[in-house]
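1. Let me see the structure of the following:
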Amino acid sequence: MSLNIRQKQADALLRMLHLHSTAGTTKEQSDLYKVLILDRFCKDVIAPLLRVNELRSQGVTLHLLLEAERQQIPDVPAVYFVQPTTANIERIAQDAAQSLYDAMHINFATSISSRLLEQLAVGVIKANAVRRIAKLYDEYLSFIALEPSLFSLGLPDCYLNLNDPAAKDIQIEAAVSQIVDGLFSVLVTLGVVPIIRSPKGGAAEHVAAALENKLRDHLKARSNLFSEGTSALAATLSRPLLVIFDRNFDLSVMLQHCWSYKPLVQDVLGLKLNRVTLAPDTAGLPPGASLLPQHQKKSYDVDDKDFFWESAGALPFPKVAEEVETQLQQYKAAVDEINSKTAAQQQADADGVVLDHEEMLKRNTQNLMSAVSSLPELQEKKKVLDKHTNLATALLSAIKARGLDGLYNLEEDLLMGKADTAALNKLLQGPKGSAADKLRLALLHVLAAEAPPTDTELQELTATLHTAGVPDTTAITYVARLRRNRLTGGARPTPGTPAGLGVPSQGNLLDWADKAFGQGISSVTRSVKNLLSGARQAPVAAALEALMDGKQVCMARYPFCSGQLLGACDVVWRVFYCSSSPCWLNAGQA
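-> Take a look at the predicted model:
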């Protein structure tokens, strides 16, 4: 059973762009010129999957925002991909009334309610524009697929809405409904009906119960989204295990500084929708001077099509330098091989070696064909390596400026129960690290402590943060309250299988890195401890391992929510976080 969420969502979007045509007319629909109309959320859904050139290959000549002012484009169909909201329905009815497009193919990110459907019908009937509405579909694509096993629900205020003491019941229910719609869309796209588990109490159990009810009501129908096509067999024969955790279950993973490549890029450089934007390099330029092309802001796309991003994404930062060097050597060897063939022919001519005319023509033709076929691939590889060299250079500058290596070391010690208060205060009062860095370190100290901090300890920590330049310390009070009320699990690890990536010996780190990334990479990487011998297991990983092993204590704490939806089958576990953070699908066969 394939659970590549990114590929399945991309396939669904292509079907939408082909106007849901049959297999025989797909080529015709891809050649048909069309306009794509998006709201902001659905624009974020498409952005990591289909670039502008890929949209053009599907016949999309323009992609416009729904709320923007748009001109009439006659004799061209429009594909709408929007959320089913009151404002969007009103704008769609307005477009139909103004006859902006010849035909309107309307696709909703999730199912539209009867009330909104009636509102759309009334609007187009009043405008006498019913003939403009060609098709209407519920796509169930209300999530953002970033990697084959990583997606986000795109709800940045989710944690606040679920944990704000001043939030009203209607706001909490609306937030839960959005989460359930997103998770239901994921399950429909994957074509699976999971076994749902969640810890007792809190928002996670509320979400799990609501999702179970939605699935149960949907499966009561003889014809449903899980009983159609090839997904029916997968849904009945293989059921994944869906474990829903509240973000408070383990806050430390969101606060800790990281040392592996992908998380560093996201945390330090601001990865958004698989795109990284580097700030302009103004070092050495006089004030007011215009930026040269090499100093201007640069943006890079990183996704599963990037071979280096996929192969080195989980490596610790120093190993990325070694991987770049390895790939560069392979690139240079391939280029030298092409050049050597030409050089050999030139040397033969210089030595007066007489070759048969046909033999010489054959060799030259073979060499030319080999070069023509391999050069584009080599050029693309060099472009990727240059991109990651620039990213690594920016990372190194941030590591040195903010002292991220020291923060990472101390946070690991905190989570392993080895750090002392003196080391913490020394780093908090030190010159390196931004205010946010120091606040995150202090929060981890509160989470990792054996016992919740006393009022005196909390006041001393807050005073230290104010002295270090942290203006707002309300987060410290909030996390301390969570610890005291036992609303968040302690971050102290459970001994067991080593978790996390360690940094290998740095004695032979590449000399070229100092030249490529700037002076100082060796000193930075040597300061990071070798953590391969550490035995730290994340709380989520420990809970999942216990669930997969069927341990009775864990089973009691994570009751079934949907055990009777379908017969029991082989289980593959999956993890979702009930928060604004991305959701990982981690696979393991039961």
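
2. Can you say which helix or strand has the residue lying closest to Ile179 once chain neighbours are set aside in it?
-> Once flanking residues are discounted, Ile179 sits nearest to Val207: 5.2 Å by CB to CB, 6 or more residues apart in numbering. Using the backbone N, CA and C atoms, a C-beta is placed for each residue, glycine as well. Val207 belongs to helix 202-219 when elements are defined using DSSP states H and E.

3. tell me the mean pLDDT over that helix?
-> Summarised as a single mean, pLDDT over helix 202-219 is 91.

4. What residues sit buried inside that helix?
-> 202-212, 214-215, 218-219 (16 or more other CB atoms under 10 Å).

5. How about stretch 397-411?
-> In stretch 397-411, counting by 16+ other CB under 10 Å, buried: 397-400, 402-411.

6. need the residues you listed in TSV with distance to Gln72 and secondary structure, can you?
-> Output for the buried residues of stretch 397-411, formatted as TSV (distance: CB to CB, whole Å; DSSP: H, G, I helix; E, B strand; the rest coil):
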residue	distance to Gln72	secondary structure
Ser397	50	helix
Ala398	49	helix
Ile399	53	helix
Lys400	55	helix
Arg402	52	helix
Gly403	57	coil
Leu404	53	helix
Asp405	58	helix
Gly406	60	helix
Leu407	56	helix
Tyr408	56	helix
Asn409	62	helix
Leu410	61	helix
Glu411	57	helix
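
7. out of the residues you listed, who's nearest Thr86?
-> The nearest member of these to Thr86, counting by CB to CB, is Ala398 at 43.3 Å.

8. ok, the closest one - contacts?
-> 268-269, 404 (CB atoms under 8 Å, 6 or more residues apart in numbering).

9. wait, which of these is closest to Asp304?
-> Closest approach between the contacts of Ala398 and Asp304, by CB to CB: Leu269, at 18.7 Å.

10. The residue nearest to Ile179 touches Ser198, doesn't it?
-> Yes. Using CB atoms under 8 Å, Val207 is in contact with Ser198, at 7.3 Å.

11. what residues are shared contacts of these two?
-> Joint contacts of Val207 and Ser198 (CB under 8 Å, 6+ apart) are Ile244.

12. Check which helix or strand Ile37 maps to.
-> Taking DSSP H and E as the definition, one finds Ile37 inside strand 34-38.

13. tell me which strands and helices that strand is in contact with?
-> When contacts are defined as 3 or more CB pairs under 8 Å, 6 or more residues apart in numbering; DSSP states H and E, strand 34-38 packs onto strand 60-65, strand 77-82.

14. Off-centre distance for the following helix or strand past the last one?
-> Scanning forward in sequence from strand 77-82, with DSSP H and E defining helices and strands, the next element found is helix 86-97. On the basis of CA atoms, centre = their mean, to the nearest Å, the separation between the geometric centre of helix 86-97 and that of its chain is 32 Å.

15. In the stretch 301-450 of the chain, what residue spans correspond to helices?
-> Per DSSP state H, counting those that start in this stretch, the stretch 301-450 of the chain carries helices over the ranges 307-312, 317-350, 357-402, 404-416, 421-428, 435-448.

16. Compile the ones you listed into TSV and extend it with columns for distance to Asp246.
-> As requested, those are exported to TSV (distance: least, CB to CB, whole Å):
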stretch	distance to Asp246
helix 307-312	30
helix 317-350	31
helix 357-402	30
helix 404-416	20
helix 421-428	27
helix 435-448	15
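
17. In JSON lines, list the ones you listed along with distance to Glu54 and mean pLDDT.
-> Below are the helices of the stretch 301-450 of the chain laid out as JSON lines (distance: least, CB to CB, whole Å; pLDDT from 0 to 100):
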{"stretch": "helix 307-312", "distance to Glu54": "18", "mean pLDDT": "93"}
{"stretch": "helix 317-350", "distance to Glu54": "26", "mean pLDDT": "76"}
{"stretch": "helix 357-402", "distance to Glu54": "16", "mean pLDDT": "80"}
{"stretch": "helix 404-416", "distance to Glu54": "36", "mean pLDDT": "91"}
{"stretch": "helix 421-428", "distance to Glu54": "46", "mean pLDDT": "90"}
{"stretch": "helix 435-448", "distance to Glu54": "36", "mean pLDDT": "94"}
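
18. Out of those, which is closest to Trp259?
-> Going by CB to CB, the one of the helices of the stretch 301-450 of the chain nearest Trp259 is helix 404-416, 5.0 Å.

19. tilt between that closest one and helix 435-448?
-> Between helix 404-416 and helix 435-448, the angle comes out at 10 degrees (axes from the mean of the first three to the mean of the last three CA atoms, to 10 degrees).

20. hmm, back to that, what pairs with the strand holding Ile37, and is each one parallel or antiparallel?
-> Here strand 34-38 is paired, per DSSP bridges, with strand 60-65 (parallel), strand 77-82 (parallel).

21. List the buried residues of the first one.
-> Of the residues in strand 60-65, those buried under the neighbour-count criterion (16+ other CB under 10 Å) are 60, 63-64.

22. So Val82 versus Phe143, what's the distance?
-> According to CB to CB, to the nearest Å, Val82 and Phe143 sit 15 Å apart.

23. and Arg115, what element?
-> Going by DSSP H and E, Arg115 is part of helix 114-126.

24. Just the buried residues of that helix, please?
-> 116, 119-120, 123-124.

25. can I assume Tyr33 is in contact with Leu62?
-> No. The criterion here is CB under 8 Å, and Tyr33 misses it with Leu62 at 9.3 Å.

26. so which pair among the buried residues of helix 202-219 is furthest apart in space?
-> Taking CB to CB as the measure, the buried residues of helix 202-219 have their most distant pair in Gly202 and Leu219, spaced 26.1 Å apart.

27. mind listing what the spatially most central residue of the chain touches?
-> Computing the C-alpha centroid of the chain and ranking residues by CA atoms, centre = their mean puts Leu146 first, at 4.1 Å. With contacts defined as CB under 8 Å, 6+ apart, Leu146 is in contact with 6, 48, 152, 273-274, 303, 582.

28. Tell me which of those residues fall in strands.
-> Judged by DSSP state E, those include Ser152 as members of strands.

29. Which of the contacts of Leu146 ranks first by neighbour count?
-> Pro48 (24 neighbours; other CB atoms under 10 Å).

30. got any ranges where the stretch 151-300 of the chain has weak pLDDT?
-> 228-237, 281-295 (pLDDT under 70).

31. quick one: the helices in it?
-> Using DSSP H, counting those that start in this stretch, helices in the stretch 151-300 of the chain cover 158-163, 169-190, 202-219, 231-237, 252-255, 261-264.

32. His105: which of those is closest?
-> The nearest among those, by CB to CB, is helix 169-190 at 19.2 Å.

33. just checking, what packs against that closest one?
-> helix 5-17, helix 158-163, helix 202-219, strand 238-246.

34. Next, the angle from that helix to strand 238-246.
-> 150 degrees.

35. which residues make contact with helix 169-190 from outside it?
-> 3, 5, 8-9, 12, 109-111, 140-143, 151, 153-155, 157-158, 161-162, 164, 193-194, 203, 206-207, 210-211, 214-215, 225-226, 242, 244, 576, 578.
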